[in-house]
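J.: mind looking at a prediction? Sequence and model below.
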Amino acid sequence: MPPREIHRVGERGAADWYTSLPPITRGLLTCYFATGLGAYFGVLPLQYLYHSWPLIFKGLPQVWRLLTAYSFLGAPSLRWLFKLVWLVQYGGSYESAKFAHNTADGITCLGVGMMTGLVLDLLSWLCEAFIPPVFSRGFHASSIIFMFLYLWSKQNPEAQVSLFGFVNLNGKHLPFAFLLIDLLVGEDVWGDALGILMGHVYWFLTHAYPLATGRHVIRTPQWLSRACLQYGIGRVPVAAVDMVHPSDVRFRAFQGRGRRLAD
């Protein structure tokens, strides 16, 4: 399946285009755009957001850094803009196809990827006496984007993609082509490589392993599905309605409009 078409703002309006994005993609885009502008104008306290194991393990644990490490993509630049486009085009396409009827599954995917990234970061940090800490980074937002790029490529391996209008390649090669471009222009590619590993771990646990063994090791918690239903986040499968108690104020399956018949 080709990437989801990104309509021009002039065709639909910026607000319509923004609200049409799937919820996880829209949330990440908003976060990276806001933090990028905050860094550009010097109002974002990056010293309290970056990831550092010593700050988490020593003294008063600053555990919020485990989450905020994924909140900052960088200050506005051409590379920053390209990655936002990749997030919308490929991450949004993957989310729309894979999690169109259950946003809770998409949040689980994001959570598994983030935990995988933190585990690999921790192992890299613990082994820095023997090997360079290649995955130990202050921020991992770029890894999230490459995770979705990789998952899109696994879902659309034969899709034809034009790389900047010059080279045509199959979808399965796209994340590695972007990684190679970053390498050629002198950018740090270890964050990109970490994202590919994060995506592969999720794909293996939810596709390859269940296909080979018949067992599922990744399951979306029911409380998360209930929360998405309660707060109207994305679209929830019909089966999830059974999870809602009839006393819930949002439960309206058998309530009429209260009109009295005329005498």
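T.: On my side now, so go ahead.

J.: buried residues of stretch 222-232, list them for me.
T.: With burial defined by 16 or more other CB atoms under 10 Å, the residues of stretch 222-232 counted as buried are 224-226, 228-229. All C-beta atoms are positioned from the backbone trio N, CA, C, and that covers glycine.

J.: take those and keep only those in helices.
T.: 224-226, 228-229 (DSSP state H).

J.: all helices of the stretch 51-200 of the chain, in order?
T.: For the stretch 51-200 of the chain, the helices defined by DSSP state H, counting those that start in this stretch occupy 53-57, 65-68, 78-86, 92-98, 103-126, 141-155, 174-184, 190-203.

J.: how far out from the middle of the chain is stretch 105-121?
T.: In terms of CA atoms, centre = their mean, to the nearest Å, the centre of stretch 105-121 is set 9 Å apart from its chain centre.

J.: scratch that, stretch 53-69
T.: Worked out by CA atoms, centre = their mean, stretch 53-69 lies 22 Å from the chain centre.

J.: do the same with stretch 29-42
T.: Centroid separation for stretch 29-42 versus its chain: 17 Å, with CA atoms, centre = their mean.

J.: contact partners of it?
T.: 21, 44, 46, 71-76, 80, 83-84, 87-88, 141 (CB atoms under 8 Å, 6 or more residues apart in numbering).

J.: got the buried residues for it?
T.: Neighbour-count burial for stretch 29-42 flags 29, 32, 35-36, 38-39 (criterion: 16+ other CB under 10 Å).

J.: run through the stretch 101-250 of the chain and note the low-pLDDT ranges.
T.: Counting by pLDDT under 70, the stretch 101-250 of the chain has low-confidence residues at 235-250.

J.: repeat that with 50
T.: Counting by pLDDT under 50, the stretch 101-250 of the chain shows low-confidence ranges at 238, 240-250.

J.: now the closest residue to Trp86 other than its chain neighbours: how far from Pro221?
T.: Setting aside the residues directly before and after it, Trp86 is nearest to Ile145 in space (CB to CB, 6 or more residues apart in numbering), at 5.7 Å. Separation of Ile145 from Pro221 (CB to CB, to the nearest Å): 25 Å.

J.: and Phe135, by the same measure?
T.: From Phe135 to Pro221 the distance is 27 Å (CB to CB).

J.: and for Ile24?
T.: When Ile24 is compared with Pro221 (using CB to CB), they lie 16 Å apart.

J.: circling back: between Phe135 and Pro221, which one's more packed in?
T.: Counted by other CB atoms under 10 Å, Phe135 and Pro221 do not tie: Phe135 has more neighbours, with 22 against 12.
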